[in-house]
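[1] Below are the sequence and a predicted model; questions follow.
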Amino acid sequence: MVGSEREWRCQACGTLLGLERQGRLHLKYKTAQYVVTGRVTATCRRCSAENRTTNGMSSMENLMLDLYGYQPPTGPGAVPIQVGPTNANRLTIDASLIGTPGQGSKQYFVPNKKYYVAQVAGTQQMGAAPHASSDGDPNQLPDVIDSFGTPLLAWRVDDTYITKPGNAQYRFALSDSGAGNVRAKLYWASNACFLTAIQTGKRARNQTDGFEGSMIPATGANTEKSLAGAFGNPNDPYRDPANLNMPSATPRTARGAITIQSAGVDGYYFGKKDRGAKQFGGGFVDYRMNFAPDPATAVSSTNQYTDKDGHPTNHNVLELFDDIIGAAGN
């Protein structure tokens, strides 16, 4: 990685598919070179796996449009911008009128402008304009930031997903909602624009740094396990009938219908150097450790947590992180 350059690799086999620079994807095929923005789908030439990029819209940006209000561009001075998570799902709005109730849009919440700040494309937010743009560009979506200057993440449960634990097709989390017919409750891609950022927030944190970056900076099995470990309800585990005494690895439900995450004072989303990360030996946020110190061994009198009175209890694996988590809804 050089400067603000980021490799786009196949999530299945690691083959280099392209390079992302300043929010644009650079692709090469034989002697031809292409520069593209927006959502891209590519079939890996080595393993034939399907890979996707996103437009760079975060779940929180999507949520704020509903809460803050917007209007379509009207009049000779209007500057239309198109926003949305995919090219097929977009709104045309006037960025100068964000926060103004309009047709089909109400205003439920008005954030303090101090905490509603646009991010720079290619460094603070990995995505295409107008979800992020150059510093000072007024025609882009602002982002809700925390007191440390880092964008907040919103994790929204896919309420159309009805598969139950115990079914072989059940998934709590996946990298992307578009991988064939396989779906889940949560998707990493909904916040990929910040989880892959190389200069996040005011403190310019590189979430992809292998030493102290985020524990969820890329697609893959460990990230999906981490999302289950972090956002699965620790009070609602699925118990495998064949292994009732083993610590559950599968949450039945999420902590909330919507969970808001602040990266905390260190600026990393579940940072690798965070005190909370040190409790895990597998490189991911392990849901099983809500129930026993040794996740690979059956819960017993010698492998369980106890309260101040010596009674068995569960443990919240997020308590040791400096990340601030708030959940709402069922």
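    Sure, I can see it.
[2] just the strands in the stretch 1-150 of the chain please.
    5-9, 16-21, 24-29, 32-36, 41-43, 50-52, 80-86, 89-94, 116-117, 143-144 (DSSP state E, counting those that start in this stretch).
[3] In terms of mean pLDDT, which of those ranks lowest?
    Mean pLDDT is lowest for strand 50-52 out of these, coming in at a mean of 53.
[4] Any figure for the gap between the residue lying farthest from the centre of the chain and residue 291?
    The outermost residue of the chain relative to its centre, with distances by Cα atoms, centre = their mean, is residue 309 at 38.2 Å. Remark: distance between residue 309 and residue 291 (Cβ to Cβ, to the nearest Å) = 19 Å. C-beta coordinates here come from the backbone N, C-alpha and C atoms, glycine included.
[5] mind listing the helices in the stretch 151-300 of the chain by residue range?
    192-195, 221-231 (DSSP state H, counting those that start in this stretch).
[6] Name the residues that touch the shortest one?
    Put plainly, it is helix 192-195. Residues outside helix 192-195 that contact it (Cβ atoms under 8 Å, 6 or more residues apart in numbering) are 54, 56-58, 125-127, 131-132, 151, 153, 188, 200, 207, 214, 216-218, 269.
[7] mind giving me the domain ranges of the chain?
    Under automatic domain parsing, the residue ranges defining each domain of the chain are 5-52, 59-144, 145-330.
[8] Lowest average pLDDT across these?
    Lowest mean pLDDT of the domains of the chain: domain 5-52, a mean of 66.
[9] Just give me the neighbour total for residue 224.
    21 (other Cβ atoms under 10 Å).
[10] Correct me if wrong: it contacts residue 185.
    No: contact criterion Cβ atoms under 8 Å: residue 224 and residue 185 do not qualify, at 11.0 Å.
[11] most centrally placed residue in this protein?
    For the chain, the residue sitting closest to the mean C-alpha position, by Cα atoms, centre = their mean, is residue 191 at 3.0 Å.
[12] Assess the claim that it and residue 156 are in contact.
    No: Residue 191 is beyond contact range of residue 156, at 10.0 Å (criterion: Cβ under 8 Å).
[13] returning to what we had before: need the helices of the stretch 151-300 of the chain in CSV with distance to residue 116, can you?
    Formatted as CSV, the helices of the stretch 151-300 of the chain follow (distance: least, Cβ to Cβ, whole Å):
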stretch, distance to residue 116
helix 192-195, 15
helix 221-231, 24
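[14] Pick the most deeply packed of the ones you listed.
    Here the criterion is mean neighbour count by mean count of other Cβ atoms under 10 Å, and of the helices of the stretch 151-300 of the chain the winner is helix 192-195, at a mean of 27.
[15] can you dump the C-alpha coordinates of it into CSV?
    Included here for helix 192-195 are C-alpha records, laid out as CSV according to Å, rounded to 0.1, in the frame of the first residue of the first chain:
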residue,chain,number,x,y,z
ALA,A,192,-17.0,-1.1,4.9
CYS,A,193,-16.3,2.5,3.9
PHE,A,194,-15.0,3.3,7.4
LEU,A,195,-13.7,-0.2,8.4
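[16] Just the buried residues of stretch 278-290, please?
    Of the residues in stretch 278-290, 279, 280, 284, 285, 286, 287, 288, 289, 290 count as buried by neighbour count, 16 or more other Cβ atoms under 10 Å.
[17] Let me know the closest of those to residue 72.
    residue 285 (41.1 Å; Cβ to Cβ).
[18] Please list all residues in contact with the closest residue to that closest one other than its chain neighbours.
    Distance criterion Cβ to Cβ, 6 or more residues apart in numbering; nearest residue to residue 285, sequence neighbours excluded, is residue 229 at 3.4 Å. Residues in contact with residue 229, defined by Cβ under 8 Å, 6+ apart, are 284, 285, 286, 287, 288, 289, 317.
[19] can we see that at 6 Å?
    285, 286, 287 (Cβ atoms under 6 Å, 6 or more residues apart in numbering).
[20] Repeat that for residue 162.
    Counting by Cβ under 6 Å, 6+ apart, residue 162 makes contact with nothing.
[21] Which phi and psi values does it adopt?
    Backbone torsions for residue 162, taken as degrees, to the nearest 10, come to phi -120, psi 0.
[22] Use 414 as the first number for this chain going forward.
    I'll keep to 414 as the first residue from here, and by that count the last item is residue 575.
[23] What's the separation between the residue nearest to residue 693 when sequence neighbours are not counted and residue 444?
    In this structure, residue 693 finds its nearest non-sequential neighbour in residue 699, 5.2 Å apart by Cβ to Cβ, 6+ apart. Separation of residue 699 from residue 444 (Cβ to Cβ): 47 Å.
[24] ok, now residue 586?
    40 Å.
[25] Of those two, which one has the most company?
    The neighbour count for residue 586 versus residue 444, taken as other Cβ under 10 Å, is higher for residue 586 (23 against 5).
[26] I figured that one was touching residue 641, is that so?
    Yes: at 5.3 Å, residue 586 counts as touching residue 641 under the criterion of Cβ atoms under 6 Å.
[27] hang on, the earlier thing: show me the contacts for the residue nearest to the centre of the chain.
    Residues near residue 604 by Cβ under 6 Å, 6+ apart: 471, 472, 566.
[28] Out of the residues you listed, give me the one that has the most neighbours.
    The residue in the contacts of residue 604 with the most neighbours, by other Cβ under 10 Å, is residue 471 (28 neighbours).
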